[in-house]
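[1] Got a sequence here, can you build the structure:
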Amino acid sequence: MATVPKKSRAAVLVDYNHPAEIQEIDILDPEPGAIIAQVEASTVCGTDVHIFHGKMSEHSGLTLFSRVPLVMGHEIVGRIVELGTGRTKDAADQSLEEGDRIVWAYPWCGKCYYCTIALQPTLCPNVRMYGWGSVREKPYLTGGFAEYVYVKPECHVVKVPDGVDSKVAASATCAFRTVIHNFERFGGLGIQDNVVILGCGPVGLYALALSVVCGAGQVIMVGTPKRRLDLARKWGASHVIDIEEIKDPGERKEMIRKLTDGRGPDVVIECAGPSQAFVQGLDILRSGGRYLVIGQTDPSPISIQARHINLEMKEIVGAVSAAVRHFYKAMQFLKNCRDRFNFMEMLTNTYSLEQVNEALKSMEELKEIKPVILPNQ
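    Alright, predicted model coming up:
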């Protein structure tokens, strides 16, 4: 059995809009079914930046919200250092041992209406998500910007496949598993589909990769900055449109119509985030098309015309977070497609635990695609 220390260093957000502080947090002994894992890698998500600024706090109007003080980070790969009694296999029936690398879904309660009747656990009102707080509540270490993390008994885990880099796997534990969930609920793509993706951050890039593998007729990526669009081209985007160069939404719409037989795209996938992106995507979509909404967290009110839904027969679908099957599918995609896409190109810089604030700032300023925190290096 590996020697587990009594405390772990962690980057704690004591209050919103204040730099995260390095603190030492108690490592509890694992209860039955729990796991103590050493953090191999934790990547920075755009949501971490929103949490830092308090945009996802209890005042944001969201059903699920952050609670300071909290250990930051929710995109995590851990290496098992101690298994609680009774935890012997992962969700795919693979045996678990010390030294295995794992990812895990949030601890849905498994008892409420959404978990049991609706079979929509990502809507569970009782969940306590990783990287959202609070460090004052047991088991304390529930964020990835730390040397160690406590994986709760309720968390279904999946082993990271051999040959998949831990940094890449971490990047998929929010952006890509959410894309997988959304594509599943959406019903996938057809080989004839002309697809427009709004937003070329990690969510948009993973949506691009999945669209390409699904055989979409063409994929048009709309976003900025150039570095991300260049990677989109490498990953198979048929066309890219830089919103910094083409600022007028009307001009962008006309460009897209010319690329899609004058009708507009069959599918629009919104991965951008701002509420106006949702409006623009709905306007771009052809009559009878399908709209997949992944990136929206903007609480700003918007105005749309309901005729889009009935008279123009536009279908709108979305999903939040992911269940463990989506983590499993994401890991299998990374393994099976690692020779087709250079996922490492998405990972732009590595940072130590002491450099968390620098990484967050760089992400906010769009200098990064996906920064990596390596707490134990």
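[2] Would you map the strands across the stretch 1-150 of the chain?
    7-13, 21-26, 35-43, 70-71, 75-83, 101-104, 148-151 (DSSP state E, counting those that start in this stretch).
[3] in stretch 211-228, what counts as buried?
    Ser211, Val212, Ala216, Gly217, Gln218, Val219, Ile220, Met221, Val222, Gly223, Thr224, Arg228 (16 or more other C-beta atoms under 10 Å). Placement of C-beta: from N, CA and C, glycine included.
[4] show me the residues around Pro202 that make contact.
    Cys45, Gly46, Ser171, Ala175, Phe176, Met346, Ile369, Lys370 (C-beta atoms under 8 Å, 6 or more residues apart in numbering).
[5] Near the nearest residue to the third one once chain neighbours are set aside, how many other residues are there?
    If you skip the residues right next to it in sequence, Ser171 has Thr43 as its closest partner in space, 4.6 Å away by C-beta to C-beta, 6 or more residues apart in numbering. Residue crowding around Thr43 was assessed by other C-beta atoms under 10 Å; the count is 32.
[6] where are the low-confidence patches of the stretch 1-150 of the chain?
    Within the stretch 1-150 of the chain, the segments meeting pLDDT under 70 span 1, 58-64.
[7] just to revisit the earlier point, the residue nearest to Ser171 bridge partners, please.
    Under the criterion DSSP bridges, Thr43 forms beta bridges with Glu75, Val372.
[8] ok, it - contacts?
    Contacts of Thr43 (C-beta under 8 Å, 6+ apart): Glu75, Lys167, Ala170, Ser171, Thr173, Leu347, Lys370, Pro371, Val372, Ile373.
[9] Please repeat the previous calculation with a cut-off of 10 Å.
    Thr43 sits next to 73-77, 144, 166-175, 202, 346-347, 350, 359, 363, 368, 370-373 when contact means C-beta atoms under 10 Å, 6 or more residues apart in numbering.
[10] Filter the residues you listed down to the buried ones, PyMOL style.
    Burial among the contacts of Thr43 is assessed by 16+ other C-beta under 10 Å; the matching PyMOL selection reads:
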select buried, resi 73+74+75+76+77+144+166+167+168+169+170+171+172+173+174+175+202+346+347+359+363+368+370+371+372+373
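[11] circling back: state the distance from the residue nearest to Ser171 to Pro161.
    18 Å (C-beta to C-beta, to the nearest Å).
[12] what do you get for Gln377?
    For Gln377, the distance to Pro161 - C-beta to C-beta - is 22 Å.
[13] dump the residue contacts of Ile241.
    For Ile241, the contacting residues are 196, 198, 200, 220-224, 229, 251-252, 255-256, 259, by C-beta under 10 Å, 6+ apart.
[14] Out of the residues you listed, which sit inside strands?
    Val196, Leu198, Ile220, Met221, Val222, Gly223 (DSSP state E).
[15] residues contacting the first one?
    So that's Val196. For Val196, counting by C-beta under 10 Å, 6+ apart, the contacting residues are 218-222, 239, 241, 252-253, 256, 259-260, 264-270, 281, 284-285, 289.
[16] cool, and the last one?
    By C-beta under 10 Å, 6+ apart, the contact set of Gly223 is 197-201, 204-205, 229, 232, 240-244, 271-272, 277.
[17] Write the ChimeraX selection for whichever of those are buried.
    The following ChimeraX line selects those of the contacts of Gly223 that are buried, judged by 16+ other C-beta under 10 Å:
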select :197,198,199,200,201,204,205,229,232,240,241,242,243,271,272,277
